[in-house]
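Asks: sharing a model prediction with you, sequence too.
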Amino acid sequence: MAIAGAGQLNLHESPCWGSRSVDCFEKLEQISEGTYGQVYMAREIKTGEIVALKKIRMDNERGFPITAIREIKILKKLHHENVIKLKESVTSQGAKDEQGRPGKCCPIPINNLLLGATKYSPAVDMWSVGCIFAELLHGKLIFPGKDEPEQLNKIFELCGAPDEVNWPGVSKIPWYNNFKPTRPMKRRLREALGNQEKAPATATTRRKGQTTEITAFTASCRLPPIQSGQAHAQMRPGPNPPLHGSQPPVAAGPGHHHGKPRGPAGGPGRYPANGTNGGFNHQNHGGGYSSGPYPPQGRGAPYGSSGMPGAGPRGSGGSGYGVGAPNYSQDGPTEVLVLDVALT
Amino acid sequence: EDDELLSLFSKEEDEFLTVTRREIHREAVEWMLNVNDRHGFTALTAVLSVNYLDRFLSSFGLQNNKPWLIQLVAVTCLSLAAKVEETHVPLLLDLQVEGARYVFEPKTIQRMELLVLSTLKWKMHPITPLSFLDHITRRLGLKTRLHWEFLKRC
């Protein structure tokens, strides 16, 4: 049980580990890779059961990734035949060689919520929700980039390229100049996805709902990060208005304030003029979540690989395991997800 | 007679340790609540972090010869609770404020997070007093904004 930390934390006496070791599983092949880590098909040695093994990358500045915590939280709550079940979380030693690989698209929808963000925020969630809606309507990946630059380009092609007009402050984001498109690109989201309303699967009774989803997608797909007072309000109990119908604010707050606790000095996030902040108590939270330049998120975050200054600590930490469930299970909802966290 | 003396010493030490442990625990919880306030975390985050601390200590125990350990566990539990519940989670270094006696490298806290998660068997959503408060609130039909404001501050 050698997991000493920084030469100081001698846990040899640790009496208990609640988690099994990843060695209980035999990796068969890599299924996919996202910004958060890799996904493997694996077999549990004892039972022969096939599972998906998801390796979670650690973050040096922030510790165990919040995205993984949230993934576990959400998966435990979701019980549906189309959603993978979280079977177990396991830990491992080592695996330093697996960090920092380039991201790639992930074919597992649920993971779309979880792709690593340099700065996790409600805007990231809203982007992901939009992408999932769009993929449900479209029936396939909407941003199928092989790597991050390509994926970013696909986002630009569909959503339009960001500039100072539609996203004030974008040119000041560190990696903007590395990746800004060389030619102007128009937003053609409606053209691309709008005809999905006529898709055969869309029953008349569902029409209205589908349209709303398209709208939601359109809203969240705006490249400017969504300053989501509303989105966050949805996560808390309270008399909040529904999200539908509210326009996403285009907000670029005054940078990210880590280093300071939230407080009134945190700077006014810019909320939409129509004031749909809904019941959310900003005072408690010191002027909003702040909003620095959150990058757009899709499946496979389109940023954060090497060569991007300011892309954050991603990949610099030890690594962990996290694998999503394989989609190819033919026998129904037997997928499982095993989180394997490295203790490097 | 020697046995009796040994027994007396042993009992005295036990009592001393119990009191010391209680004091250490109280200090840790106070510190966690202060940091919770400082960052404007919700009441649920506070409740969760203390829940993690207590569950961890009950299976891991407190080692008296490692005064820094309780601080490490405290900051770790706070970090985990914030990640479970908060939208904005500060950097690990920024959690170590409010007169923290020891400051740990993020990497150390990360390892401790794994130990705590494992020890708690990854069960990060215990039933807390707030769960009952939620239930009662709904049963009483408290729906106005004022009610929610009140509850948020509980």
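Replies: That came through, no problem.

Asks: same for the helix or strand that contains B:Arg138, what does it pack against?
Replies: Per DSSP states H and E: B:Arg138 is located in helix B:129-140. Under the contact definition 3 or more C-beta pairs under 8 Å, 6 or more residues apart in numbering or on different chains; DSSP states H and E, helix B:129-140 sits against helix B:43-60, helix B:145-153. In short, each C-beta sits where N, CA and C put it, glycine included.

Asks: could you tell me the least trusted of the ones you listed?
Replies: Among those, helix B:145-153 carries the lowest mean pLDDT, at a mean of 73.

Asks: pull that helix out as CSV, backbone CA atoms only.
Replies: Output in CSV follows, covering the C-alpha atoms of helix B:145-153 (Å, rounded to 0.1, in the frame of the first residue of the first chain):
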residue,chain,number,x,y,z
ARG,B,145,-38.7,32.9,-2.7
LEU,B,146,-38.6,34.0,0.9
HIS,B,147,-38.8,30.4,2.1
TRP,B,148,-36.0,29.3,-0.1
GLU,B,149,-33.9,32.2,1.0
PHE,B,150,-34.5,31.2,4.5
LEU,B,151,-33.7,27.6,3.9
LYS,B,152,-30.6,28.4,2.0
ARG,B,153,-29.3,30.2,5.0
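
Asks: ok, and for it, which residues are buried?
Replies: B:Trp148, B:Leu151 (16 or more other C-beta atoms under 10 Å in any protein chain shown).

Asks: for stretch B:121-129, same thing?
Replies: Buried, per 16+ other C-beta under 10 Å, within stretch B:121-129: B:Trp122, B:Met124, B:Thr128.

Asks: just name the shakiest helix or strand of chain B by mean pLDDT.
Replies: helix B:145-153 (a mean of 73; mean pLDDT, DSSP states H and E).

Asks: count the residues that sit near B:Leu5.
Replies: By the measure other C-beta atoms under 10 Å in any protein chain shown, the count of residues near B:Leu5 is 9.

Asks: quick check, pLDDT for it.
Replies: For B:Leu5, the predicted pLDDT is 90.

Asks: could I get the average pLDDT for the helix holding B:Arg138?
Replies: 83.

Asks: can you give me how far it is from the chain middle?
Replies: 22 Å (C-alpha atoms, centre = their mean, to the nearest Å).

Asks: just the C-alphas of it, formatted as PDB.
Replies: Coordinates of the C-alpha atoms in helix B:129-140 are reproduced here as PDB (Å, rounded to 0.1, in the frame of the first residue of the first chain):
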ATOM      1  CA  PRO B 129     -30.200  16.500   7.900                       C
ATOM      2  CA  LEU B 130     -30.700  18.700   4.900                       C
ATOM      3  CA  SER B 131     -32.300  15.800   3.100                       C
ATOM      4  CA  PHE B 132     -35.000  15.800   5.700                       C
ATOM      5  CA  LEU B 133     -35.200  19.500   5.600                       C
ATOM      6  CA  ASP B 134     -35.800  19.300   1.800                       C
ATOM      7  CA  HIS B 135     -38.500  16.700   2.400                       C
ATOM      8  CA  ILE B 136     -40.200  18.700   5.100                       C
ATOM      9  CA  THR B 137     -40.100  21.800   3.000                       C
ATOM     10  CA  ARG B 138     -41.900  20.100   0.200                       C
ATOM     11  CA  ARG B 139     -44.500  18.600   2.500                       C
ATOM     12  CA  LEU B 140     -45.200  22.000   4.000                       C
END
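
Asks: so which elements touch the host helix or strand of A:Leu152?
Replies: Using DSSP H and E, A:Leu152 sits in helix A:148-159. Packing partners of helix A:148-159 (3+ C-beta pairs under 8 Å, 6+ apart): helix A:189-194.

Asks: can you rerun that using 10 Å?
Replies: helix A:122-138, helix A:176-179, helix A:189-194, helix A:207-221 (3 or more C-beta pairs under 10 Å, 6 or more residues apart in numbering or on different chains; DSSP states H and E).

Asks: filter the buried residues of stretch B:121-129 down to the ones close to chain A.
Replies: The subset of the buried residues of stretch B:121-129 within reach of chain A, by C-beta under 10 Å from any C-beta of the partner chain, is B:Trp122, B:Met124.

Asks: can you tell me the closest non-neighbouring residue to the most centrally placed residue in chain B?
Replies: Centroid-nearest residue in chain B, with C-alpha atoms, centre = their mean: B:Val50, separated by 2.7 Å. Excluding its sequence neighbours, the residue lying closest to B:Val50 (C-beta to C-beta, 6 or more residues apart in numbering or on different chains) is B:Val29, at 5.6 Å.

Asks: list the buried residues of the helix or strand hosting the one you found.
Replies: Using DSSP H and E, B:Val29 falls within helix B:2-38. Neighbour-count burial for helix B:2-38, counted by 16+ other C-beta under 10 Å, picks out B:Ile24, B:His25, B:Ala28, B:Val29, B:Trp31, B:Met32, B:Leu33, B:Val35, B:Asn36, B:Arg38.

Asks: could I get the residues you listed as CSV with distance to B:Thr144 and pLDDT?
Replies: Below are the buried residues of helix B:2-38 laid out as CSV (distance: C-beta to C-beta, whole Å; pLDDT from 0 to 100):
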residue, distance to B:Thr144, pLDDT
B:Ile24, 42, 89
B:His25, 38, 91
B:Ala28, 37, 94
B:Val29, 33, 96
B:Trp31, 35, 96
B:Met32, 31, 97
B:Leu33, 28, 96
B:Val35, 31, 96
B:Asn36, 26, 96
B:Arg38, 29, 95
